[in-house]
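J.: Below is the sequence, then the predicted model.
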Amino acid sequence: MSSEKKRKNYWPLVFGILLTAYTVFTLLDAFVLPSDTVTIEEADGSTVGVISESVYPSENGEEDTAAAADEPIITENSYISDDISITIETLTRNNTQVYVADIVLTDASYLKAGLAEGTFGRNVSDTTSSIAAENDAILAINGDYYGFRRRGFIMRNGYLYRDTQSNDTDSEDLVIYEDGSFEIITESEWNAQELANAGAVQIFSFGPGLIINGEISVDADSEVDQAKQSNPRTAIGEIEPLHYVMVVSDGRTEESEGLTLLELAELMEELGCETAYNLDGGGSSTMWFMGEVVNKPTSGGKIRERSVSDIVYIGE
């Protein structure tokens, strides 16, 4: 065989190697390798940072100096202090176990968000339990798993980490303001700095909104991308100022089928929510209280926690 023919035979092999290497890198970049990460040990929380798509400021690490005057009263399903009241109830809805945490606060500063490893960035994740413990949480649920997406507004504890709009013009965000009030906005109608200027301290971009102005805003055909109709679910709602509910449902097990978005919205309406929002569900859905996982999260067909980017929690 001539040297020219040999060179021609090499090219398919070289091309195959390069294509395989590119595919492996793309998968690692999307799901494994941490990227665009910034960690700052402590921030004073006095200034909102606005960032570009590729540069992120860090999590607000300032400790809340407020503390209850008396020792809290703690039971298996409740926590009562001068400033925080939490009661957890287990319900059965649509052949599904549902865990409802009723929360009353004296100040909105007790409603917080935490990031995996204290770092904002793609492919940085940990279990809800671990993030909750690192933040001295009392009660925690998983957040919006922002790290799975490159776009969508993200603000945590007063810091704007991402100001790029979602590609979905109908994307709905949950905005929590410094007074603790909730608002569900359509992201395409706002820019992130406007929300920051209006006093936003948290922005979650998963959705959709479940209840807006006291009315159910989903129907039987509503669903998040790439999801089954009946799923484990996580939601948060506001009943009235400083009165909230965090809800997690089981699913994908013999004991619990899971809920549709409409079924979840109907439950939030039953609980009295004026505003309610769907957070990341499926294998992410986890509720944690005083060092223990309350529900039965599923991951890979087993009862176990899945790592997530972030949590919403109640802490002193």
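T.: Received the coordinates, thanks. Residues are numbered from 1 along each chain as shown.

J.: where along the stretch 101-250 of the chain do the helices fall?
T.: Taking DSSP state H, counting those that start in this stretch to define them, one finds helices in the stretch 101-250 of the chain at 128-134, 192-197.

J.: helix/strand/coil for Ala265?
T.: When states are read from DSSP: H, G, I helix; E, B strand; the rest coil, the local structure at Ala265 comes out as helix.

J.: Give me the nearest residue to it, chain neighbours excluded.
T.: Setting aside the residues directly before and after it, Ala265 is nearest to Leu210 in space (CB to CB, 6 or more residues apart in numbering), at 4.0 Å. From N, CA and C alone the C-beta is placed, and that goes for glycine too.

J.: Number of residues surrounding the one you found?
T.: Taking other CB atoms under 10 Å as the criterion, the count of residues near Leu210 is 30.

J.: Show me where the stretch 101-250 of the chain dips below the pLDDT cut-off.
T.: Scanning the stretch 101-250 of the chain with the threshold set as pLDDT under 70 gives 224-228.

J.: Including distance to Ser299 and mean neighbour count, could the helices of the stretch 101-250 of the chain go into JSON lines?
T.: Converted to JSON lines, these look like this (distance: least, CB to CB, whole Å; neighbours: other CB atoms under 10 Å):
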{"stretch": "helix 128-134", "distance to Ser299": "11", "mean neighbour count": "22"}
{"stretch": "helix 192-197", "distance to Ser299": "32", "mean neighbour count": "17"}
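
J.: Quick one: closest of these to Glu71.
T.: Nearest of the helices of the stretch 101-250 of the chain to Glu71, taken as CB to CB: helix 128-134 at 20.3 Å.

J.: any idea how far the closest one is from the chain center?
T.: In this view, helix 128-134 has its centroid 13 Å away from the chain centroid, taken as CA atoms, centre = their mean, to the nearest Å.

J.: Can you list the helices and strands that it packs against?
T.: strand 111-115, strand 139-142, strand 287-289, strand 310-314 (3 or more CB pairs under 8 Å, 6 or more residues apart in numbering; DSSP states H and E).

J.: okay but Gly143 is in contact with Thr286, surely?
T.: No - taking contact to mean CB atoms under 8 Å, the distance of 10.4 Å between Gly143 and Thr286 leaves them out of contact.

J.: That's all I had, so thanks and see you.
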